[in-house]
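Participant: Structure, please.
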Amino acid sequence: MSNVLLKEKSSKFLGFACPVNSESEAKNYIEKLRTHHPKATHHCYAYRLGTYGETYRINDDGEPTGSAGLPIYNQLLSHNITHVLLVVVRYFGGTKLGIGGLIKAYKSTAKFTLDYAEIIIREATLIIKLESDYSFQHIIYKLLEKYRAAVIGSYPEKTCKIIAEIKLSEKEFLIKDLSQMESVRYTIE
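Facilitator: Got it, this is the predicted structure:
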């Protein structure tokens, strides 16, 4: 978690950034901030989830539309990061900033927060579900080991079912090997 403080015409803007993997994690963190800053007038935020940021949310929390959440979100885009929640908490200082002033204050706070945050770079992964006869189980495990896949689970049923996480960079090679095995069925999420 990273945080910064910016003051603008008696208003205080506190920026917080933290890694999140789901919408529920983001919502829980926002609620914690509301609990820690109950006297703040606004808790504006944006988050991006998914490999390409395909899931996102923007919230102005009572500020004029587009004056808080969008400038925060644009900082996530300009830093090209995902799986991040960025929150700016505002304590109103008595002087109105106008829409232009709000945009500048929220953008600056979000930018400084990300500039001072420790950015963790993770290689993109995906989930693969495999199913085959049990006679192919050992071959599947050797193949997953070859491509450094992490086995998440296996389920003893009539057929061998395995769920694994694989690096996106290994996907094409694994699929090529799997396509040569007629009795192995797979889906990728």
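Participant: Quickly find the element holding the residue nearest to residue 15 when sequence neighbours are not counted.
Facilitator: Take residue 15 and drop its neighbours on the chain: the residue closest to it by Cβ to Cβ, 6 or more residues apart in numbering is residue 113, 3.2 Å away. (Glycine included, C-beta is placed from N, CA and C.) Assessed by DSSP states H and E, residue 113 sits inside helix 98-116.
Participant: quick one: secondary structure of the residue of the chain positioned farthest from its centre?
Facilitator: The centre of the chain is farthest from one residue, residue 135, which by Cα atoms, centre = their mean lies 38.8 Å away. Under DSSP: H, G, I helix; E, B strand; the rest coil, residue 135 falls in the helix class.
Participant: show me the contacts for it.
Facilitator: The contact partners of residue 135, taken as Cβ atoms under 8 Å, 6 or more residues apart in numbering, number zero.
Participant: Quick check on residue 185: phi, psi?
Facilitator: phi -100, psi 150 (degrees, to the nearest 10).
Participant: Give me the neighbour count for it.
Facilitator: The number of residues packed near residue 185 is 13, by other Cβ atoms under 10 Å.
Participant: What sits closest to it if chain neighbours are left out?
Facilitator: residue 131 is the one closest to residue 185 (Cβ to Cβ, 6+ apart), at 4.8 Å.
Participant: same question, residue 134
Facilitator: Closest to residue 134 by Cβ to Cβ, 6+ apart is residue 160, at 4.9 Å.
Participant: Tally up the residues packed near that neighbour, please.
Facilitator: 20.
Participant: With residue 23 instead?
Facilitator: 14.
Participant: Correct me if wrong: it contacts residue 49.
Facilitator: Yes - contact criterion Cβ atoms under 8 Å: residue 23 and residue 49 qualify, at 6.9 Å.
Participant: what residues do these two have in common as contacts?
Facilitator: Shared contacts of residue 23 and residue 49, counting by Cβ under 8 Å, 6+ apart, come down to residue 55.
Participant: Low-confidence stretches in this structure?
Facilitator: Low-confidence regions of the chain, defined by pLDDT under 70, span residues 1-4, 6.
Participant: Appreciated, that's everything.
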